[in-house]
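**Student:** A predicted structure for the sequence below; I have some questions about it.
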Amino acid sequence: MKIPQYIYITEKKNETKKAFERVFQSEQPKRVLIVTSISPLMKVKWLFDYLLSNRTKAEKLLVEKSDKKALEKTVNRIENGSFDFCIGIGGGKILDIAKYASFVEKIRFLSFPTLLSHDGIASPVAVIRDGKHWSESRRAESPYAVIIDLKTVVGAPTASLLSGIADLVANLFASIDAEVFKEKNKKAYSELATGIARSASLFVFPRFSKISLKKISKNDLKHLAWGLVLSGISMSIAGNSRPASGAEHKISHAIDYLFSLPVSHGFTVSIGNVISAFLHQRYKKEIIEFNYSLGLPVLSEDIGIKKEEFVNAVLYASKIKPDRYTILEEKNLTKTGVINLLDEIEEARREVESRFERTK
Ligand SMILES: [Zn+2]
């Protein structure tokens, strides 16, 4: 099991530089490859100016997608340039490519996320896309180091924070799946990993429903950052993504597969969180209030999928990762069962809506 050896959550540019300095001092990399894309290059120009100074012996490689071609390009560059250390600077796609290429080339990887949009920032899993509809989760290694600069991530669009929050809340439901069905899953159950994943979700759930993301405090942002890092660590400890991915992620993957909408990962997971809560009969009221007050989707209509179409996604979800037993397989819903479930959620949302209206 490998977990990050350095985790720095920094608040100022010079703290961030110092964090890199510490990693470099102890690792003494000979040649550093920075994998990034145009947007982070402009966003954190000061960091590139620092990293590309001769002292760190770094070069940069631009990738724009997280497909097999980008992966091949990165692997080749590492190999041909004899790089022994890789830094990924960017959103999830960039980090996935850099993480997986480093794993293939057996070199150390430092993750510097510019968005807090999901738990891939510190997880041992990389999603590599193949074509428009299909993406594949590949097992890699956790980053060797993670540096999160709070000023950088808070400057990102609110939607990215919302996405990260929903992905972290998913741990609560995934850990319930893991715990309740530990006997029915073939893979070993890790109490430690499940406990870490669940505790990490409590950093944001349900307290964050009371905060304004536009004025998010440094402390709250730190909680989100730590939560996502711990979520990644829980997957490394378990040796799979189970502590942080259950029925709610199957729903998210089904939506991705059937509709391939341009929405953040956390938004589809958010819909899955609600489904999972209602199937488990746990935190039903809390999750609707949480999503509703933060502006996260509750039902598929919130991201533009009609109810009739979404029914198919719920039915399809249990066919994903069949070896991971969740509440979806347990309930083995029929079409009518899904429609009744969605009606129940709709009803609960109406209630929350009218309560919010009254207290406005
Ligand atoms: Zn996720």
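**Tutor:** In hand now; what should we look at?

**Student:** for the stretch 101-250 of the chain, which spans come out with low pLDDT?
**Tutor:** Applying pLDDT under 70 to the stretch 101-250 of the chain flags residues 131-134.

**Student:** was I right to think residue 251 contacts residue 275?
**Tutor:** Yes - under the criterion of Cβ atoms under 8 Å, residue 251 lies in contact with residue 275, with a separation of 5.4 Å. (C-beta placed from N, C-alpha, C; glycine too.)

**Student:** what residues are shared contacts of those two?
**Tutor:** With contacts taken as Cβ atoms under 8 Å, 6 or more residues apart in numbering, residue 251 and residue 275 have residue 314 as neighbours in common.

**Student:** just how off-centre is stretch 349-358 within its chain?
**Tutor:** Taking Cα atoms, centre = their mean, to the nearest Å, the mean C-alpha location of stretch 349-358 is offset from the chain mean by 30 Å.

**Student:** touching it from outside, list them.
**Tutor:** 285, 288-289, 292-293, 298-299.

**Student:** just stretch 216-228 next, same as before
**Tutor:** Here stretch 216-228 makes contact (Cβ under 8 Å, 6+ apart) with 9, 11, 116, 118-119, 121-122, 148, 150, 153-154, 161, 164-165, 167-168, 200-201, 203-204, 208, 211.

**Student:** report the buried members of those.
**Tutor:** Burial by neighbour count, 16 or more other Cβ atoms under 10 Å: within the contacts of stretch 216-228 this picks out 9, 116, 118-119, 121-122, 148, 150, 153-154, 161, 164-165, 167-168, 200-201, 203-204, 208.

**Student:** out of those, which are inside helices?
**Tutor:** Among the buried ones among the contacts of stretch 216-228, the members found in helices (DSSP state H) are 150, 153-154, 161, 164-165, 167-168, 200-201.

**Student:** need the residues you listed in JSON lines (columns: distance to residue 318).
**Tutor:** Shown next, in JSON lines, are these (distance: Cβ to Cβ, whole Å):
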{"residue": "150", "distance to residue 318": "39"}
{"residue": "153", "distance to residue 318": "35"}
{"residue": "154", "distance to residue 318": "38"}
{"residue": "161", "distance to residue 318": "30"}
{"residue": "164", "distance to residue 318": "26"}
{"residue": "165", "distance to residue 318": "26"}
{"residue": "167", "distance to residue 318": "21"}
{"residue": "168", "distance to residue 318": "24"}
{"residue": "200", "distance to residue 318": "26"}
{"residue": "201", "distance to residue 318": "23"}
